[in-house]
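*Asks:* sequence below, structure please.
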Amino acid sequence: MTPSTDTSGGGPVKQGVQGSAGTGGAERSVDRDAGSVRVPPQLRAADVARVRAEAGSGVRGEHTHSEVPIPRPVVQRASVRGQILDALRTALLAGELRPGEVYSAPALGEQFGVSATPVREAMQQLALEGAVEVVPNRGFRVVERGARELAELAEVRALIEVPVVLRLARSVPVERWAELRPVAEATVRAASSGCRATYAKADRAFHRAVLLLSGNEQLVQISEDLHRRSQWPLVGGAAARGRADLIADAAEHAALLDALIARDLDVVRGLVGGHFAGGAA
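*Replies:* Numbers count the residues shown, from 1 in each chain. Got it, this is the predicted structure:
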């Protein structure tokens, strides 16, 4: 094991590297008591090297890559932070980054095949979102959340979204609701995959599509932030939602859309209220 220093804090973080057969990733122990974490290999070293070669005379020190597994055009450094942020969010939802553990930006940067800078920037965004907290001289700790916080988030979201949806149910033309059918169906497909990260993204997309009909961008942004926070895993993996829970949640989306198209306000009221009361994402 060799020490790696996180320049966000300066202290050494012990880490061990073990090849991950068939994935191109790596397992790495971060701190003595943090165990190991496997982060999705969004930025494999081979892809980084290939794209750098294709980029030719890019700006010195700039990191470019194509996203895996979907081929993309050459991406300039400005996009690296966003892709790292997406990868870290996926790792959080999948439980790869575990509550209570501390992770070093340089160590994660090596796994992604980039410098520590875009990782640190992405982690700082996650800190603003309440998913991690800065640990001086060490790195970033994944926040430990309990069932009470999840219930509080659900209550706040209900206070915002329920009256908005009920108002929209009375005013939005039926054809506009019908246009959201593909978005609702996407949540059903995502739930069937059993992947929490995949479903979380589809779930947020559906709620966002509904709230956008209000024309209030501030409301949409606030609601989406609360929604994202509600999706972070609980400490110890408590109350983790399985495939059956995701499918049931997605079915409520489809039923809600049916009720909105039918202008059945009683059913709409019951569904939106129950959606949050049941701790739905």
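
*Asks:* the closest residue to residue 186 other than its chain neighbours and residue 265: what is the separation?
*Replies:* Spatial nearest neighbour of residue 186, chain neighbours left out: residue 202 (5.0 Å); criterion: Cβ to Cβ, 6 or more residues apart in numbering. Bear in mind the C-beta positions are built from the backbone N, C-alpha and C, glycine included. According to Cβ to Cβ, to the nearest Å, residue 202 stands 26 Å off from residue 265.

*Asks:* let me know the helix or strand that the residue nearest to residue 186 is in.
*Replies:* Taking DSSP states H and E as the criterion, residue 202 maps to helix 196-212.

*Asks:* mind giving me the packing neighbours of that helix?
*Replies:* helix 77-93, helix 147-171, helix 181-193, helix 217-231, helix 243-262 (3 or more Cβ pairs under 8 Å, 6 or more residues apart in numbering; DSSP states H and E).

*Asks:* now that helix against helix 243-262, angle please.
*Replies:* 20 degrees (axes from the mean of the first three to the mean of the last three Cα atoms, to 10 degrees).

*Asks:* got a list of contacts for helix 196-212?
*Replies:* For helix 196-212, contacts defined as Cβ atoms under 8 Å, 6 or more residues apart in numbering pick out 89-90, 93-94, 161, 164-165, 168, 180, 183-184, 186-187, 189-191, 193, 219-220, 223-224, 227-228, 231, 240-241, 246, 249-250, 253, 281.

*Asks:* could you rerun that using 6 Å?
*Replies:* With contacts defined as Cβ atoms under 6 Å, 6 or more residues apart in numbering, helix 196-212 is touched by 90, 93-94, 180, 183-184, 186-187, 190-191, 220, 223-224, 227, 231, 246, 253, 281.

*Asks:* flag every buried residue along it.
*Replies:* The neighbour-count check on helix 196-212 (16 or more other Cβ atoms under 10 Å) flags 196-207, 209-211 as buried.

*Asks:* can you list the domains in the protein?
*Replies:* As assigned by automatic domain parsing, the chain contains the domains 2-142, 147-277.

*Asks:* quick one: average pLDDT of the longest one?
*Replies:* Taken as a whole, domain 2-142 carries a mean pLDDT of 64.

*Asks:* residue ranges with poor pLDDT in the stretch 151-281 of the chain?
*Replies:* Residues of the stretch 151-281 of the chain meeting the criterion pLDDT under 70: 235-241, 277-281.

*Asks:* again, 50 this time
*Replies:* 238-239, 280-281 (pLDDT under 50).

*Asks:* would you say residue 134 is within a helix?
*Replies:* No - under DSSP: H, G, I helix; E, B strand; the rest coil, residue 134 sits outside any helix and is assigned strand.

*Asks:* and it, what are its bridge partners?
*Replies:* On DSSP bridges, the residues paired with residue 134 through beta bridges are residue 140.

*Asks:* what is the burial count for it?
*Replies:* Residue 134 is flanked by 14 other residues according to other Cβ atoms under 10 Å.

*Asks:* against residue 99, how distant is it?
*Replies:* Distance of residue 134 to residue 99, computed by Cβ to Cβ: 16 Å.

*Asks:* what's the answer for residue 251, then?
*Replies:* In terms of Cβ to Cβ, residue 251 sits 29 Å off from residue 99.

*Asks:* picking that back up, selecting buried members of the contacts of helix 196-212 in PyMOL, what would you type?
*Replies:* Burial among these is assessed by 16+ other Cβ under 10 Å; the matching PyMOL selection reads:
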select buried, resi 90+93+94+180+183+184+186+187+190+191+220+223+227+231+246+253+281
